[in-house]
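S.K.: Sequence first, then the predicted structure:
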Amino acid sequence: MTQSFLKEPNLRGEGTSKVSSRAGDSWPEVGCNDVIVKVQNDCYCRPLWNWGRRTPLVRREMRALLGCRKAGVHVPLVIEYRETHHRAELITTFIPNALDLDVALERFPAQRSKILNNVGGEIGKLHNARWTHGALYRTHIVVCPDCAFRVYLIDLEKGRRSVRAARDLARFERHNGYLTEQDWTDFRQGPALGRQRLN
C-alpha cells in the first residue's frame, strides 16, 4: 500500500488536518483501489442546533456526503468513517483524472458551455435537496473529462442542511470572477438550477 499527501498537513485552530491519497486493495467492494484519506485531530465545529456540543469537522463532512449522494448529487462515496477520542478519519473514493474547474475550462475550451451547464446542474441538485456546500471555491468543483465532463462537488466540511442557497451562489460568483457573461448564462441554464439565480 502506498500513500502520498494531497495537501501538506496543516493546523486547524488547536488541531491538525491532513489529506492523502492511498493506493491498495483493502476496499475491493467499491470497485476501485485508490482512496482519499482525511485525518483530523482536535478539529471541531459547533452545530447551530446545539452550540454547546463539539462535532468533528469530518463527521459533518461525512453526513453531508451521505445526504448529498442520497439526493443524487455527484460527490465522492463514503467508504469508512472512524472516530476515537480526539482523532477522526474519513475515507472516500478517489475520483480518477478529475480536474479543478478552472483547469478543465482552460484545457477543453470547446466544452466550456457543457462544463458550466453541468456545474449549474450539480449545484442546483444540491440546493433543491436543501443542502448548501459552504465553500464553493473552484478547487472544490472537479470535472471528469473521461465521463462526459461529469461534475463532482468535493470537500464538504462546511456542508449542511440549509435553505440559504443564495449565500452559496454568492460565494461561487465571488470566487469565479474570471467567468464571462456567456459563462454565467451557461451556468444558469444548468438543468437542475431551477428558480435559483445570481443577482
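M.R.: Thanks, I have it. Predicted model, so just to flag it, every value in this text is computed and none were measured.

S.K.: so who does the residue minimising distance to the centre of the chain touch?
M.R.: Central residue of the chain (Cα atoms, centre = their mean): Ile154, 1.6 Å from the mean position. Contacts for Ile154 (Cβ atoms under 8 Å, 6 or more residues apart in numbering) come out as Val75, Pro76, Ile95, His140, Ile141, Val142. C-beta: built from backbone N, CA, C; applies to glycine.

S.K.: surely the third one meets Val143?
M.R.: What that stands for is Ile95. No: using Cβ atoms under 8 Å, Ile95 makes no contact with Val143, being 9.7 Å away.

S.K.: what do the two both touch?
M.R.: What both Ile95 and Val143 touch, as defined by Cβ under 8 Å, 6+ apart, is the set Tyr152.

S.K.: These two - which one has more neighbours?
M.R.: Val143 (27 against 21; other Cβ atoms under 10 Å).

S.K.: my guess is that one is in a strand, correct?
M.R.: Yes: under DSSP: H, G, I helix; E, B strand; the rest coil, Val143 falls within a strand.

S.K.: Look at the nearest residue to it once chain neighbours are set aside and give its secondary structure.
M.R.: Leaving aside its chain neighbours, Val143 sits nearest to Ala104 (3.7 Å; criterion: Cβ to Cβ, 6 or more residues apart in numbering). Put simply, Ala104 is helix when judged by three-state DSSP.

S.K.: now His127
M.R.: helix.

S.K.: Name the nearest residue to it, sequence neighbours excluded.
M.R.: Looking at His127 with Cβ to Cβ, 6+ apart, the closest residue is Ala165, at 3.9 Å.
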